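In: got a structure for you, letters missing:
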């Protein structure tokens, strides 16, 4: 011991002004230190958990005309009857996952049969609860839309379903529901094709400025939340004449695709496209800039026409090898050797199931009709999902 070092004894306290700490005080010092340490450890763990939770679990990418999830080909190594399945996005049109009707005069049309009330949160809760089951059959993607789709399958009326207000600002209640779905998809390693606009609802935005504002707000929100499992579909079926805003129509929709592509965060940008009505071949102004090409099979009764549509699309001026994805097709016949699903696969195109509740059908039918049964509880749904599992091997 250094003899010159300061030493404090009990006597020192009596000689100076310092008061000797009591036994209780001496005992309390290490106890307080332990409590502070425990608190700091708890805070550190919470911060670490927050950082980990903020990191995306699912990242979608496109390389050489194929889809990758977290750096690996989708359905890696999978073939079916000699046809390559890897690199595809097998999907279903589930656009009503965040649906609500803001028009009190029409809201009663969408009540649940058991409660006789409409409940948007129940709708989203049941959607999220069903997602693991869909995935187990091999579904690695689905379509949502910030303005939904026709809640009766086809046709539109005066109901109001839009995540945007008239100026293009985002509605918080819609975002809360959307976040629940995107979080679950991120957890399950599923890809969400997120549409911004629907021709039955775009009229609820005042003007083109509102449309641009809506595009920017939605894109910025996705960046803010850090999602990387989202593909953008600017609008559903841009060539449908019901669109009110010119910038959502075929001649100018490419401007919105470019607008989304220009936005980046930390060197990352969203992959983006738009879709056309059933059987339509996409136009060159879209094909040359879209990251992936969307087709619809509605109205195509002959499966051979599906193969032909894929070929015509690959022949469009400006096509540079992007993946081709059907994300809407209301044809079934899954028990037959040849159907639209099978023929899309044979053409190395991804395929998407579209189902709605037809006249006089029960609650279990359809995914687009509201209220929706998000389970796999009808013959048509079981037909699709069983075929999907046969082709993909499940996930």
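Out: That came through, no problem. Keep in mind the model is a prediction, meaning the values are calculated, not measured.
In: ramachandran angles for the residue nearest to residue 156 when sequence neighbours are not counted?
Out: With Cβ to Cβ, 6 or more residues apart in numbering as the measure, residue 200 is the residue that lies nearest to residue 156, at 3.5 Å, once sequence neighbours are left out. Backbone N, C-alpha and C define where each C-beta goes, glycine included. Reported as degrees, to the nearest 10, the phi and psi values for residue 200 are phi -90, psi 0.
In: now residue 200: how far from residue 292?
Out: 24 Å (Cβ to Cβ, to the nearest Å).
In: one more: residue 146?
Out: From residue 146 across to residue 292, the span is 19 Å (Cβ to Cβ).
In: ramachandran coordinates for the residue minimising distance to the centre of the chain?
Out: The C-alpha lying nearest the average C-alpha coordinate of the chain belongs to residue 192 (Cα atoms, centre = their mean; 2.9 Å). Note on residue 192: its backbone torsions stand at phi -110, psi 120 [degrees, to the nearest 10].
In: and it, what pLDDT?
Out: On the pLDDT scale, residue 192 is placed at 99.
In: so where do the helices sit in the stretch 201-350 of the chain?
Out: Remark: helices assigned in the stretch 201-350 of the chain by DSSP state H, counting those that start in this stretch are 208-225, 253-262, 284-287, 303-314, 340-346.
In: which of the ones you listed is buried the deepest?
Out: helix 340-346 (a mean of 23; mean count of other Cβ atoms under 10 Å).
In: whatever helix or strand comes next after that helix - what's its average pLDDT?
Out: Next along the chain after helix 340-346, taking DSSP states H and E as the criterion, comes strand 352-353. If you average the pLDDT over strand 352-353, you get 99.
In: what about strand 352-353, distance to the chain center?
Out: 15 Å (Cα atoms, centre = their mean, to the nearest Å).
In: just checking, next helix/strand downstream of that strand?
Out: Sequence-wise, the next helix or strand downstream of strand 352-353 (DSSP H and E) is helix 379-392.
In: can you count the residues close to residue 325?
Out: 27 (other Cβ atoms under 10 Å).
In: quick one: it and residue 293 touch, right?
Out: Yes. The criterion here is Cβ atoms under 8 Å, and residue 325 meets it with residue 293 at 7.0 Å.
In: give me phi/psi at residue 72?
Out: phi -120, psi 140.
In: the chain should start at 585 in everything you say after this.
Out: Got it, first residue is 585 now, which makes that one residue 656.
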